[in-house]
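Q: Generate a structure from the sequence data that follows.
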Amino acid sequence: MSIYAMIDQQPVLLQFLFYPRRWDAPAPAGAEDFMVPVEGDIAVGCRCYEGKPGAPWILLFHGNGEIAADYDQIAPFYHREGINLVVADYRGYGRSGGKPTFAAMIGDAPQIFEAVRERLGERGLQEELFVMGRSLGSISALELAAQHPGVIPGLIIESGFISVTGLINHLGLPSMGLDLDSIERESRNKAARINIPALIIHGRSDSLVPYSQAEDLYRSLGGESKRLLPIPGADHNDVIFYDRERYFSAIAAFVEKPGRRS
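A: Here you go, the predicted structure:
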């Protein structure tokens, strides 16, 4: 059972934590969409942005309120750094079926990861597949990093957190009767088991997920090969472009040599 099961049983709280958007427009030139069956007749959508053949890939789990199609304008910046990108939606987001829950996020992430690996393999693309989580997507990314330490070469967390309990407490969301301590404890235990190289990027002026949560995550990860990159002045939703050169240069250096520390 998911450690977030008790939150999933609180529909009012879920309304504060998920902001799904529907979108069914076709992928732009140079990108393609595919669906990943996850449960029964439910499938989640992914958008694949292939740039340079032979370049490493990043599987990105986006933030709340975002959809994979939002990265139509962002993927070219990854391509300029020689990185290919796959962005995964959650249930209820984009073209995906179902409704978003934390149990679904955690359970769907490994299926999405394996489907992406299989799809790349079918096309003869055997390059490394890094995992990245932005904001809410850090939950999916951390889950994968804990489950597949020998397969994932590196983990990137941007504007993220160890568990959603920090967000609930920071925003003062309704949580009466919930054992948030147990969720936090299990999430920290999971982070401590993650030993793969990690890059954590976070805006210093993040008003939604305070920078202190990035520091906490950095300290909690079990590996020694990790880097915490602050973006001074950046808030939660402008961190990508506030200092674009610093942001993407750090990611490019990381995927080139994931064991690098600086």
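Q: helix or strand for residue 205, which one?
A: Using DSSP states H and E, residue 205 falls within no helix or strand.
Q: Tell me the pLDDT of the closest residue to it other than its chain neighbours.
A: Distances taken as Cβ to Cβ, 6 or more residues apart in numbering put residue 235 closest to residue 205, at 5.2 Å, once the chain neighbours are dropped. (Each C-beta comes from the backbone N, C-alpha and C, glycine too.) We note a pLDDT of 97 for residue 235 in this prediction.
Q: Give me the distance between residue 235 and residue 48.
A: Going from residue 235 to residue 48 by Cβ to Cβ, to the nearest Å gives 29 Å.
Q: Next: residue 140.
A: From residue 140 to residue 48 the distance is 17 Å (Cβ to Cβ).
Q: what about these two, which has more around it?
A: residue 140 (27 against 22; other Cβ atoms under 10 Å).
Q: Pull the contacting residues for the more buried one.
A: By Cβ atoms under 8 Å, 6 or more residues apart in numbering, residue 140 lies in contact with 61, 88, 105, 106, 108, 109, 112, 133.
Q: Please enumerate the strands of the stretch 151-262 of the chain.
A: Using DSSP state E, counting those that start in this stretch, the strands assigned to the stretch 151-262 of the chain run over residues 155-158, 198-203, 226-231.
Q: so the residue nearest to residue 205 makes contact with residue 209?
A: No: using Cβ atoms under 8 Å, residue 235 is not in contact with residue 209; the gap is 10.1 Å.
Q: Mind pulling up the pLDDT for residue 1?
A: 54.
Q: ditto for residue 80
A: 95.
Q: What count of nearby residues applies to it?
A: With other Cβ under 10 Å as criterion, residue 80 counts 12.
Q: ditto for residue 176
A: Neighbours of residue 176 (other Cβ under 10 Å): 6.
Q: give me the number of residues near residue 169?
A: Neighbour tally, residue 169, other Cβ under 10 Å: 12.
Q: what residues are up against it?
A: Contacts of residue 169 by Cβ under 8 Å, 6+ apart are 175, 180.
Q: about what we covered before: would you mind telling me which of residue 235 and residue 209 has the busier surroundings?
A: The neighbour count for residue 235 versus residue 209, taken as other Cβ under 10 Å, is higher for residue 209 (23 against 15).
Q: quick one: which of the contacts of residue 140 is most hemmed in?
A: Among the contacts of residue 140, residue 61 has more neighbours than the rest - 30 neighbours, counting by other Cβ under 10 Å.
Q: Verify the contact between it and residue 135 for me.
A: No: contact criterion Cβ under 8 Å: residue 61 and residue 135 do not qualify, at 9.2 Å.
Q: mind listing what the helix or strand hosting residue 34 pairs with, with the direction of each?
A: Using DSSP H and E, residue 34 falls within strand 31-39. According to DSSP bridges, strand 31-39 forms sheet pairs with strand 42-49 (antiparallel).
Q: Report the mean confidence score over the strand it pairs with.
A: Per-residue scores along strand 42-49 average to 97.
Q: Report the backbone C-alpha coordinates of that strand in CSV.
A: Taking C-alpha atoms only, strand 42-49 is exported to CSV below (Å, rounded to 0.1, in the frame of the first residue of the first chain):
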residue,chain,number,x,y,z
ILE,A,42,-6.4,3.5,-18.2
ALA,A,43,-3.3,4.8,-20.0
VAL,A,44,-1.1,7.8,-19.4
GLY,A,45,0.4,10.0,-22.1
CYS,A,46,4.1,10.8,-22.8
ARG,A,47,5.6,13.2,-25.2
CYS,A,48,9.0,12.3,-26.7
TYR,A,49,11.3,15.0,-28.0
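Q: That's all I had, so thanks and see you.
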